[in-house]
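J.: Sequence first, then the predicted structure, then my questions.
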Amino acid sequence: MNLKNFRKSDILASLIIAEVDAWLLLFILKTIKVQLPPILDPFLRFLPLILPLLALFYIIVGSFFKEKFSAIFQLFKFTLTGSLNTFIDLAALNLLMQVLQITSGWYFSFFKLISFSCAAVNSYLWNKFWTFKKKETKVGTKEFSQFYIITGISLLINVGLASLIVNVGPQFGLSETLWANVGAFGGVLGTFIWNFLGYKFIVFKS
């Protein structure tokens with residue numbers, strides 16, 4: 001593989017994303033107080049070192065597709081960006097639930113709206129300037145409107161699916177807080193493909 005496929009910006013971006021991912025994940029795990037097997041303790045202790053290395057390997061693998069299958073490489077980057085969006089979403093949601101001690105009902109839907117909005121801002125910036133590499137640095141009215149529409153539909157899918165799961169009530173013996181996170185993650189999965197196709201072919205198309 002040609003060394004020109006490795007861009008410093010791609011390496012740096014993947015390392016930054018993974019490092020932030022690691023600290024947000026540690027915060028989330030601490031907040032939901034889930035009991036993990038002791039064997040995972042060393043992994044969690046060195047998570048801020050392990051995740052960046054895994055992300056670096058991941059982006060290097062993705063670089064193999066860069067020249068002939070650019071869409072696949074974009075999907076690799078979109079997945080990394082998506083991981084950061086997910087952890088921002090979950091971290092903001094758990095912070096609100098922890099502070100206000102509410103994990104279900106209409107308040108949960110409102111919390112999810114706020115956390116989703118935080119993730120959406122992050123998503124716009126990373127996907128515009130890194131995943132799809134738009135040359136324009138300004139936020140155009142048309143581009144922003146398209147992003148708003150795609151993200152608005154994504155919001156309905158995300159919050160709606162998450163609220164549906166959460167308000168069914170905790171299953172499998174999970175706590176209310178942990179079940180709220182299951183619902184939130186379900187909402188994220190429900191919007192992944194929609195967001196990638198919408199951003200690539202409508203919002204940030206070349």
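T.: Thanks, I have it. A quick note: this is a predicted structure, and the numbers were derived from the prediction, not measured.
J.: from here on, contacts and neighbour counts on C-alpha atoms
T.: OK.
J.: First-to-last residue distance for stretch 62-78?
T.: For stretch 62-78, the first-to-last residue distance is 11 Å (C-alpha to C-alpha, to the nearest Å).
J.: just stretch 131-147 next, same as before
T.: 14 Å.
J.: likewise stretch 132-143?
T.: End-to-end span of stretch 132-143 (C-alpha to C-alpha): 13 Å.
J.: Next one: residue 116, what pLDDT does it get?
T.: On pLDDT, residue 116 comes in at 86.
J.: Could you do residue 122 as well?
T.: 92.
J.: and if you look at residue 106?
T.: At residue 106, pLDDT is 85.
J.: any idea which element it lies in?
T.: For residue 106, the host element (DSSP states H and E) is helix 105-126.
J.: What average pLDDT does the helix ranked longest in the chain get?
T.: Scanning the chain for the helix with the most residues, using DSSP state H, yields helix 70-100. Averaged across helix 70-100, pLDDT comes to 92.
J.: Just the buried positions in it, please.
T.: 72-78, 80-97 (16 or more other C-alpha atoms under 10 Å).
J.: With stretch 13-26 instead?
T.: Buried-residue list, stretch 13-26, by 16+ other C-alpha under 10 Å: 13-15, 17-22, 24-26.
J.: The longest helix of the chain - contacts with which helices or strands?
T.: With contacts taken as 3 or more C-alpha pairs under 8 Å, 6 or more residues apart in numbering; DSSP states H and E, helix 70-100 sits against helix 8-32, helix 47-63, helix 105-126, helix 176-198.
J.: Least reliable of these by average pLDDT, please.
T.: Among the helices and strands packed on helix 70-100, helix 176-198 scores lowest, with a mean of 84.
J.: elements contacting that one?
T.: helix 70-100, helix 141-168.
J.: Export those helices as CSV, with columns for distance to residue 39.
T.: Shown next, in CSV, are the helices and strands packed on helix 176-198 (distance: least, C-alpha to C-alpha, whole Å):
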stretch, distance to residue 39
helix 70-100, 23
helix 141-168, 30
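J.: related to what we said a few turns ago, buried residues in the helix holding residue 106?
T.: Those would be 108-120, 122-124, 126, for helix 105-126 by 16+ other C-alpha under 10 Å.
J.: Next: stretch 189-203.
T.: 189-191, 195-196, 198-200, 203.
J.: which residues are in contact with that stretch?
T.: Stretch 189-203 is contacted by residues 75, 78, 82, 127, 132, 143-144, 146-147, 150-151, 154, 157-158, 161, 205 when judged by C-alpha atoms under 8 Å, 6 or more residues apart in numbering.
J.: How much space separates residue 143 from residue 154?
T.: 16 Å.
J.: which of the two has more neighbours?
T.: For the pair residue 143 and residue 154, the greater number of neighbours falls to residue 154 (22 against 17), based on other C-alpha atoms under 10 Å.
J.: Could I get the contacting residues of that one?
T.: By C-alpha under 8 Å, 6+ apart, residue 154 lies in contact with 191, 194-195.
J.: how about a cut-off of 10 Å?
T.: 116, 120, 148, 160, 187-188, 190-192, 194-195, 198 (C-alpha atoms under 10 Å, 6 or more residues apart in numbering).
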